[in-house]
Structure formats: C-alpha cells, structure tokens
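> fold the following, please.
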Amino acid sequence: MDFLQTITFASVVGSLTLIVGILVKIIGLPDQIRKNYNRKSTEGLSTSFMILSLAAYSLWTLHGILRKDIVLIVGQGLGIFTTGIIICQIFKYRKKK
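Numbering: from 1, shown residues only. Next up, the predicted model:
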C-alpha cells in the first residue's frame, strides 16, 4: 500500500515522458535512418528541423551534465547521436546541382 501512496500524477507523467522520449530515439529516428539509407535519399526531411532538433538535444544534454542528471545525459545524448546521423545523411544524399 505504501508503494501506491508514493505514485503521483507527476511521477506517472515523468515516467511516460522518459519512456516515450527514449522510444523516439531508439525506434523512431533509427527507423528513419534505415529508410534514408535504403532509399539513398532524405527527400521530404526538413534540414532546418533536424538541425534545430540537434541543437535542442545538445542543450538538454548540456543541462543534464551541469545538473549531473544521468537520465537527461543518456536520453538526450541518444538524440544527439541519432539526429547527427540523419544530418550526415542529408548532406551525403543531397543531389548535386
């Protein structure tokens, strides 16, 4: 019963945020990376959005480092890694004019 008393709405939302955020980085973005690789194209992806995502993940990771929060560091660090790969793909697969 003590366990149930310690569960709060905020803790449930926090846990769900963590889970979904990590799923995006270990399922969603890698799936996009595979799709780009198989097509040898990143057509339809927004370069500016991906660069902004990289900046956001980087700032969140830095925030985690400053707070010594391993959850932020690992979770957002995965975002840096996967988004960085997509940005590399954007430059590799863009058509030469």
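> other SSEs contacting the one helix or strand residue 52 maps to?
Taking DSSP states H and E as the criterion, residue 52 maps to helix 47-67. Contact here means 3 or more CB pairs under 8 Å, 6 or more residues apart in numbering; DSSP states H and E; on that basis helix 47-67 packs against helix 70-93. Yep, even glycine has a C-beta here, placed from its N, CA and C like the rest.
> which parts of the helix it packs on are buried?
Of the residues in helix 70-93, those buried under the neighbour-count criterion (16 or more other CB atoms under 10 Å) are 72-73, 75-80, 82-83, 85-87, 89-90.
> next: stretch 20-28.
So stretch 20-28, judged by 16+ other CB under 10 Å, has buried residues 21, 25.
> and that stretch, how far out from the chain middle?
7 Å (CA atoms, centre = their mean, to the nearest Å).
> other residues contacting it?
Outside of stretch 20-28, the residues within contact range by CB atoms under 8 Å, 6 or more residues apart in numbering are 75, 78, 79, 82.
> what's the closest non-adjacent residue to the residue nearest the centre of the chain?
Among the residues of the chain, residue 79 comes closest to the average C-alpha position under CA atoms, centre = their mean, at 2.9 Å. Residue nearest to residue 79 in three dimensions, not counting chain neighbours: residue 57, with 3.4 Å by CB to CB, 6 or more residues apart in numbering.
> give the contact list for that neighbour.
Here residue 57 is in contact with 76, 77, 79, 80, 83 (criterion: CB under 8 Å, 6+ apart).
> can you list the residues you listed in TSV and add distance to residue 49 and pLDDT?
Listed next are those as TSV, based on distance: CB to CB, whole Å; pLDDT from 0 to 100:
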residue	distance to residue 49	pLDDT
76	17	92
77	20	93
79	13	94
80	15	96
83	10	96
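> about what we covered before: buried residues, the helix holding residue 52. List them.
Burial within helix 47-67, assessed by neighbour count using 16+ other CB under 10 Å, is assigned to 50, 53, 54, 57, 58, 60, 61, 64.
> would you list those in TSV and tack on pLDDT?
As requested, these are exported to TSV (pLDDT from 0 to 100):
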residue	pLDDT
50	96
53	95
54	97
57	95
58	97
60	94
61	95
64	93
